[in-house]
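J.: Kindly generate the corresponding structure for this input.
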Amino acid sequence: KSVRSQAETWLLQQQNLPISWQAGWTLLQPDKSVEEQYFGAHFIHHKISQCWNSINIAHFQNLLQVLFQKLIDYRKGPSIVRTRLSVAVAAFTLHAMQGPWPGAIGHTIKYLKAQGGVEIALQVLVLIPEEFTSITFTAQSKSIIRCQAKAAVAEVLEFISECHTIP
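T.: Numbering: from 1, shown residues only. Predicted structure coming up:
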């Protein structure tokens, strides 16, 4: 195996460790290469989508703020990293709307829009259904998510309508 292939294998194994949160944020620093930043965003997405139950609810708000801030920071950065962070936000939104953050879709739209991230908000909205189909949820969780998504339809349509009128 090549050194690059070995490094990728090692990085993928590391994403399941608790320390990978810190590794993910460290790799997302602007002084890192685009590949390193992508792996950082990938780590964060993996932790959110596959290891949600390991997230300490006491750190929920901080995680939300850091994740949103990173996404806003990358709105002009490498698209591959921005997209992976958008996928992470979509996964976060789906998981969070089941309990700690009802109304997550509407709040996500409002926050990103207020931070000048209208295009990012649109991207996250597109990714939410994709993440819904790629993450394994229980039947009960799917039901809660569908109910929350239906409740957000008016906000989503209003946002899309506003975007349509932006010059």
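J.: Count the neighbours of Arg82 for me.
T.: Residue crowding around Arg82 was assessed by other Cβ atoms under 10 Å; the count is 23. Just so you know, the C-beta spots here come from the backbone N, C-alpha and C atoms, and that holds for glycine as well.
J.: contact partners of the helix or strand of the chain with the lowest mean pLDDT?
T.: Per-element confidence for the chain was summarised using mean pLDDT, DSSP states H and E. The lowest value among helices and strands belongs to helix 3-14, with a mean of 75. Counting by Cβ atoms under 8 Å, 6 or more residues apart in numbering, the neighbours of helix 3-14 from elsewhere in the structure are Lys1, Ser20, Ala23, Phe39, Phe43.
J.: How far does stretch 84-95 sit from its chain's centre?
T.: Centroid separation between stretch 84-95 and its chain, computed with Cα atoms, centre = their mean, to the nearest Å, is 2 Å.
J.: then it to PDB, C-alphas only?
T.: In PDB, the C-alpha atoms belonging to stretch 84-95 read as follows (Å, rounded to 0.1, in the frame of the first residue of the first chain):
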ATOM      1  CA  ARG A  84     -18.900  18.300   3.900                       C
ATOM      2  CA  LEU A  85     -19.600  20.800   6.700                       C
ATOM      3  CA  SER A  86     -23.100  21.400   5.100                       C
ATOM      4  CA  VAL A  87     -23.700  17.700   5.300                       C
ATOM      5  CA  ALA A  88     -22.600  17.700   8.900                       C
ATOM      6  CA  VAL A  89     -25.100  20.500   9.700                       C
ATOM      7  CA  ALA A  90     -27.800  18.600   7.900                       C
ATOM      8  CA  ALA A  91     -27.100  15.500   9.900                       C
ATOM      9  CA  PHE A  92     -27.000  17.600  13.100                       C
ATOM     10  CA  THR A  93     -30.300  19.200  12.300                       C
ATOM     11  CA  LEU A  94     -31.900  15.800  11.700                       C
ATOM     12  CA  HIS A  95     -30.600  14.300  15.000                       C
END
